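>>> All I have is the shape, not the residue letters:
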Ligand code: GDP
Ligand code: IMO
Ligand code: MG
């Protein structure tokens, strides 16, 4: 089997898009299986930058089939906007498939996302306000509307009518708002979307299954990151899906034994967007230097990302809950120019040393990082092609990460472009 899952190992934005695009040149199929257009994956080819949110990062390769799986929450407007941009750039978009089982995001989901955040006040999650949480809420409540419903105008009308009534009740009686949703407006808008997406809709589980059975190369594209997982992340400051490797089986409709390797995409330091505890966060000039050197501003919302040193407690946790078989270490060039670089090897809570990432956020917010200090490097590494040619201190940094996490670093990224990639071992 030639199937590889690409997983965000921290809080998202680790550089998954770059790795997928790089590996997709050899892939027959790329599958997105969870989340929605809360994701922002950046691909850089030559001097051209592409920001993808819902469309899989294999789309720049004309021979790759790009699948939006059943686990996705699908915003048709977001999808069509993205599609138009790609068409404007003369990208072939005919190889996109959308699962007929994916759930559809409606305007009321986005509005409820914003209203819930407002109601949370200082406990807000810092969501992307794309309607992700409310759409998954409808899914688990068993009242969601799926792509297959949208494809039949009568079934769609009846289901939408019930939902608009329910959401208007919620907005009026709980949130005390007067601006209500209009059934006919949403219905007509979404019928237009339905006509535009119809040609892409398919039973994607069948396509993925057959591709694997035929020995084709299949890449599973993670969105978000392990610590944003609904079960294993920093709950409640998480997203509403399962960005860990286990999420791929459900979200693409295949058995878990059909995923062979799991590559953890790991940033050389740590970032997070949104709220919640962050043990190695640097609220000082070093954090600012990382933010500037790494251009750490969100691809989806433009928000400044919070930055801190590499946290091996998180990455070890990620290796465990995802079953990582390999690591791709990203944005190493961003650490150029620091005299010393720190790696967090454990947490200290009072007089207790913690090595396994804790469940309780109250505990986590009391944790202090225990650091090991390494010497930095000043050489420009953005054009280096071989591991051996990296500065000694950069090699020591990578070796230290491997030693602590216990997973081999097989790919190293030293810049956003495809060409700025060091391969130590071919994994796909
Ligand atoms: P994703 O959500 O995991 O796909 O990551 P994002 O695209 O949101 O954020 C990663 C950012 O880092 C993007 O702007 C990439 O172009 C950029 N990037 C990826 N790899 C590297 C790298 O090795 N060095 C630098 N400097 N930038 C990189
Ligand atoms: P990619 O795929 C980073 C974060 C939001 C917020 C929390 C919940 O680009 O790595 P949501 O809108 O999902 O309900 O927000 O999750 N978040 C991400 N952070 N990268 C992402 O995706 C994210 N997708 C969601 O900032 O804290
Ligand atoms: Mg991103």
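Here it is on my side, so go on. Computed from a predicted structure; not experimentally measured. Ligands and ions are numbered 1, 2, ... in the order given.
>>> What residues does the stretch 1-150 of the chain have near ligand 1?
Contact residues, the stretch 1-150 of the chain versus ligand 1 (CB under 6 Å from any ligand atom): 8, 12-18, 40-42, 44. (C-beta placed from N, C-alpha, C; glycine too.)
>>> Just the pLDDT for residue 80.
At residue 80, the pLDDT value in this model is 98.
>>> I should have written residue 428 there, sorry.
With respect to pLDDT, residue 428 has a value of 89.
>>> Pull the number of nearby residues for it.
Residue 428 has 22 neighbouring residues, counting by other CB atoms under 10 Å.
>>> which residue packs closest to residue 118, ignoring adjacent ones?
Leaving out its chain neighbours, the residue that sits closest to residue 118 by CB to CB, 6 or more residues apart in numbering is residue 124, at 7.9 Å.
>>> Show me the strands in the stretch 51-200 of the chain, by range?
Secondary structure of the stretch 51-200 of the chain (DSSP state E, counting those that start in this stretch): strands at 65-68, 73-74, 96-99, 103-104.
>>> Show me the one of those that comes nearest residue 385.
Nearest to residue 385 among the strands of the stretch 51-200 of the chain is strand 65-68; the distance by CB to CB comes to 28.9 Å.
>>> Flag every buried residue along that closest one.
Judged by neighbour count using 16 or more other CB atoms under 10 Å, the buried positions of strand 65-68 are 65-68.
>>> interface residues of the stretch 1-150 of the chain facing ligand 2?
Counting by CB under 6 Å from any ligand atom, the stretch 1-150 of the chain comes close to ligand 2 at 8, 11-13, 38-41, 125-128, 130, 132-133.
>>> and these, which are buried?
Burial of these was assessed by neighbour count (16+ other CB under 10 Å); the buried members are 8, 11-13, 38-41, 125, 127-128, 130, 132-133.
>>> So which of those sit within helices?
Among those, the residues falling in helices (DSSP state H) are 132-133.
>>> Widest-spaced pair of the buried ones among the residues of the stretch 1-150 of the chain next to ligand 2?
41 and 125 (21.1 Å).
>>> ok and the residue in the stretch 251-400 of the chain nearest ligand 2?
Across the stretch 251-400 of the chain, the shortest distance to ligand 2 (CB to the nearest ligand atom) belongs to residue 274, at 2.0 Å.
>>> mind listing what the nearest residue to that residue once chain neighbours are set aside touches?
Once flanking residues are discounted, residue 274 sits nearest to residue 126: 3.1 Å by CB to CB, 6+ apart. By CB atoms under 8 Å, 6 or more residues apart in numbering, the contact list for residue 126 reads 117, 237, 273-276, 303.
>>> quick check, nearest of those to ligand 3?
Using CB to the ion, residue 273 is the member of those that lies nearest ligand 3, at 8.4 Å.
>>> ok, that closest one to residue 127 distance?
Here residue 273 is placed at a distance of 10 Å from residue 127 (CB to CB, to the nearest Å).
>>> go on, residue 235?
14 Å.
>>> Can you give the contact residues for stretch 382-393?
For stretch 382-393, contacts defined as CB under 8 Å, 6+ apart pick out 333, 374-379, 381, 395, 398, 412, 414-415, 420, 422, 424.
>>> Show me those residues that map onto strands.
Among the contacts of stretch 382-393, the members found in strands (DSSP state E) are 374-375, 412, 422.
>>> now, among these, which is nearest to residue 266?
Of all these, residue 266 sits closest to residue 412, with 10.3 Å by CB to CB.
>>> okay, now the nearest residue to that closest one once chain neighbours are set aside: neighbour count?
In this structure, residue 412 finds its nearest non-sequential neighbour in residue 422, 4.2 Å apart by CB to CB, 6+ apart. Applying other CB under 10 Å, we find 21 other residues in the vicinity of residue 422.
>>> do residue 261 as well
By other CB under 10 Å, the residues close to residue 261 number 18.
>>> So for it, what's the pLDDT?
Residue 261 carries a pLDDT score of 97 in this model.
>>> In terms of residue numbering, what are the domains of this structure?
Listed by automatic domain parsing, the domain ranges of the chain are 2-98+203-261, 103-197, 266-423.
>>> Out of these, which one sits most buried?
Most buried of the domains of the chain, by mean neighbour count (mean count of other CB atoms under 10 Å): domain 2-98+203-261, with a mean of 22.
>>> can you give me how far that domain is from the chain middle?
The chain centroid and the centroid of domain 2-98+203-261 are separated by 8 Å under CA atoms, centre = their mean, to the nearest Å.
>>> Stretch 266-286 now?
The chain centre lies 17 Å from the centre of stretch 266-286; the measure is CA atoms, centre = their mean.
>>> model confidence over that stretch, on average?
Taken as a whole, stretch 266-286 has a mean pLDDT of 97.
>>> first vs last residue of it, how far apart are they?
Start to finish, the residues bounding stretch 266-286 are 20 Å apart (CA to CA, to the nearest Å).
>>> Which residue, neighbours along the chain excluded, lies closest to residue 378?
Leaving aside its sequence neighbours, residue 378 sits nearest to residue 337 (CB to CB, 6+ apart; 5.9 Å).
>>> got a pLDDT number for the one you found?
Residue 337 is given a pLDDT of 97.
>>> With adjacent residues omitted, what lies nearest to residue 71?
Distance criterion CB to CB, 6+ apart; nearest residue to residue 71, sequence neighbours excluded, is residue 251 at 2.4 Å.
>>> Touching, that neighbour and residue 73? I think so.
No: between residue 251 and residue 73 there is no contact under CB atoms under 8 Å: 10.6 Å.
>>> which residues do those two both contact?
Residues touching both residue 251 and residue 73 (CB under 8 Å, 6+ apart) are residue 241.
>>> ok, the closest residue to residue 366 other than its chain neighbours - contacts?
Residue nearest to residue 366 in three dimensions, not counting chain neighbours: residue 349, with 5.2 Å by CB to CB, 6+ apart. Residue 349 is in contact with 363, 366-368, counting by CB under 8 Å, 6+ apart.
>>> so how far is ligand 1 from residue 349?
Per CB to the nearest ligand atom, to the nearest Å, residue 349 is found 30 Å from ligand 1.
>>> Report the beta-bridge partners for that residue.
Beta bridges link residue 349 to residue 352 when assigned by DSSP bridges.
>>> Can you pull out the residues in contact with stretch 272-286?
Stretch 272-286 is contacted by residues 10-13, 124-127, 227, 234, 237, 270, 287, 290, 298, 301, 303, 305-311, 313, 338, 342, 344, 347, 361, 364-365, 367-369 when judged by CB under 8 Å, 6+ apart.
>>> out of those, which are inside helices?
In this view, the contacts of stretch 272-286 that belong to helices under DSSP H are 287, 290, 313, 361, 364-365.
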